[in-house]
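J.: here's a sequence, model it:
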Amino acid sequence: MKIQIPKKLRAEDFNSDDQTLISKIAFIYNSFVDEVFQTLDNGVDYNNLNRQIAQVSIKIDNTGKLINAPSIKTTLRTKVQGINVINAINQVNTGTYPTSTPFISWSLGNNLLNILNITGLQNNSQYLLTLELIGQ
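T.: Reported below is the predicted structural model:
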């Protein structure tokens with residue numbers, strides 16, 4: 001369903017006694033409604049949703065632990081609430097896939113997200129992960 005263009009408040013549509021008041025209200029209302037319309041009319045994106053997409057390359061040793069602990073500079077308006085792995089590509093063997101949905105443990109400080117551990121990936125491998133960071 002496509003949203004309809006909202007009708008603007010216009011002082012001349014009201015009685016002359018009310019036009020001064022309507023002009024003041026219209027100034028605030030019309031600009032707000034324009035912004036809402038533009039956002040809802042194909043303007044919703046990851047920034048509006050307080051989300052961030054990031055890619056990191058990680059290496060897993062033979063015990064399943066991270067060899068490198070990557071960090072991501074966050075650009076969210078709020079603290080990170082969670083992380084979804086939306087793609088995991090094995091860079092050593094493209095025919096090897098995660099054993100389960102990857103789950104990331106992390107810490108956050110000064111808008112820097114530090115990846116501490118990742119489960120669900122094959123040992124002795126290197127992955128390119130595409131992550132969705134979700135703001136509070």
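J.: next secondary structure element downstream of the helix or strand bottoming out on mean pLDDT in the chain?
T.: One helix or strand of the chain scores below all others by mean pLDDT, DSSP states H and E: helix 19-40, with a mean of 92. Downstream of helix 19-40, the first helix or strand assigned by DSSP states H and E is strand 51-60.
J.: any residues touching the helix or strand just after that following strand, and which ones?
T.: The helix or strand immediately downstream of strand 51-60 is strand 71-73, counting by DSSP H and E. Strand 71-73 has contacts (CB atoms under 8 Å, 6 or more residues apart in numbering) with Ala54, Val56, Asn111, Leu112, Leu113, Asn114, Ile115, Leu131, Leu133. C-beta here means a position set from N, CA and C on the backbone, and glycine is covered the same way.
J.: wait, doesn't Ile67 sit right on Ser57?
T.: No. Applying CB atoms under 8 Å as the test, Ile67 and Ser57 come out as separate, 10.9 Å apart.
J.: those two: which is more packed in?
T.: Neighbour comparison, Ile67 and Ser57: the larger count goes to Ser57, with 12 against 9 (by other CB atoms under 10 Å).
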